[in-house]
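1. make a model of this:
(one chain, ligands or ions: 1)
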Amino acid sequence: MSFENKSVVVTGASSGLGAVLAESFAARGASLTLFARRQPDLEAVAERCRAAGGKAIVFAGSVSELDDCRKLAGAAEAEYGGIDVLVANAGVSMWARFDETEDTQLFRDLIDVNYMGAVNCVHACLPAIKARKGVITAVGSIQGKIPVPLHTGYVASKHALQGFLDTLRGELDGTGVDVVTALPHWLRGTRLRSNAFAKDGERVGEGRRGHSKESVSLEACSEAILRAIERRDREVVIPWKLRLLPWLKLIAPRMLDRIVSGEMKRQG
Ligand SMILES: NC(=O)c1ccc[n+]([C@@H]2O[C@H](COP(=O)([O-])OP(=O)(O)OC[C@H]3O[C@@H](n4cnc5c(N)ncnc54)[C@H](OP(=O)(O)O)[C@@H]3O)[C@@H](O)[C@H]2O)c1
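-> Numbers count the residues shown, from 1 in each chain. The predicted structure is shown next:
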């Protein structure tokens, strides 16, 4: 698949991976519809997309609201005549032990954005994507396959997303629509950590937590995701070697627990 003049919807495009993905698509001549809640940040990303050689419109709303997602799909179709690619990327995280969380609302919020947000966007965009035999992509996480301490609600939401996409792929077999699941490990340069829910349900804010040695740049992650969409791969794990972790969960789960706990302690 070439992205020249293709209509691409990116959710969570106001910062981090979504913003870099949008610019990468634009540099390949795509026509973008950018979605998130912060309109001024979306406008700035759209400007960068136009400067990179693509077209871009913005639509402000929440992935948790099916009605906003329907309006998003309508805006993309009205502007570009259809949708070739959806990248369901919007997400939010947490950083707290379960037994210290003060309420369960943050678990509902994580499901509302990371799981239901993707379900809403896929539901709204699927008829248009089917018409063009396009691609549904969602940004999950390697945490959709393995346990990670301090992230119970996030891990659960990404496991739900993984199950949804794997099943949807089978249902869409024969329609010409492919489902690509992107599973990044830690990424540098996003708002995910400062914006994560803390034990009191408030945002963690800027901290001095170190990043993992394994963390990946947004540009490298974005390039790997675009390559996977071009090839209509089922799944892309970034970096590639982390594909071993789900295997380790099967054959040596205690060893995996020790490795992941050690990593989380190093990150403070
Ligand atoms: N950072 C990592 O280490 C890492 C690792 C693996 C996977 N991921 C995944 O990568 C994706 C992108 O995250 P990121 O790291 O780039 O973090 P980020 O910089 O915080 O970006 C998250 C994006 O999601 C949007 N968003 C959040 N809630 C939303 C809602 N209700 N409706 C619409 N948009 C919403 C945010 O925009 P607004 O606030 O403007 O709405 C923002 O554009 C997420 O799915 C995340 O789980 C990240």
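
2. contacting residues around Ser62?
-> Taking C-beta atoms under 8 Å, 6 or more residues apart in numbering as the criterion, Ser62 is in contact with 37, 68, 117. Glycine gets a C-beta too; all of them are placed from N, C-alpha and C.

3. do that again at 7 Å, thanks
-> Residues in contact with Ser62, defined by C-beta atoms under 7 Å, 6 or more residues apart in numbering, are 37, 68.

4. pretty sure it is in a strand, no?
-> No: assessed with DSSP: H, G, I helix; E, B strand; the rest coil, Ser62 is coil; it does not lie in a strand.

5. so it versus the ligand, what's the distance?
-> Applying C-beta to the nearest ligand atom, to the nearest Å, the value for Ser62 to the ligand is 4 Å.

6. next one: Glu235
-> Distance of Glu235 to the ligand, given as C-beta to the nearest ligand atom: 14 Å.

7. please apply the same query to Gly74.
-> In this view, Gly74 and the ligand are 16 Å apart by C-beta to the nearest ligand atom.

8. quick one: pLDDT of that residue?
-> With respect to pLDDT, Gly74 scores 98.

9. what is the burial count for it?
-> Applying other C-beta atoms under 10 Å, we find 13 residues neighbouring Gly74.

10. secondary structure element holding it?
-> helix 66-80 (DSSP states H and E).

11. with Asp109 instead?
-> Element membership for Asp109 (DSSP H and E) is helix 105-110.

12. thought Asp112 was touching Ser64, still the case?
-> Yes: Ser64 is within contact range of Asp112, at 4.4 Å (criterion: C-beta atoms under 7 Å).

13. returning to that earlier point: list the contacts of the helix or strand just after the helix holding Gly74.
-> Per DSSP H and E, the first helix or strand lying C-terminal to helix 66-80 is strand 85-88. Residues from elsewhere that reach strand 85-88, judged by C-beta under 7 Å, 6+ apart: 6, 8-11, 21, 118, 121-122, 125, 129, 134-139, 229.

14. the helices in the stretch 151-268 of the chain, which residues?
-> Ranges of helices in the stretch 151-268 of the chain, per DSSP state H, counting those that start in this stretch, are 152-171, 218-231, 244-251, 253-266.

15. mean neighbour count for those helices - can I get that in CSV?
-> Shown next, in CSV, are those (neighbours: other C-beta atoms under 10 Å):
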stretch, mean neighbour count
helix 152-171, 19
helix 218-231, 19
helix 244-251, 13
helix 253-266, 13
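
16. Ser212 is nearest to which of the ones you listed?
-> Ser212 lies closest, by C-beta to C-beta, to one member of the helices of the stretch 151-268 of the chain: helix 253-266, at 6.1 Å.

17. low-confidence ranges in the stretch 101-250 of the chain?
-> The stretch 101-250 of the chain contains residues with pLDDT under 70 at 208-210.
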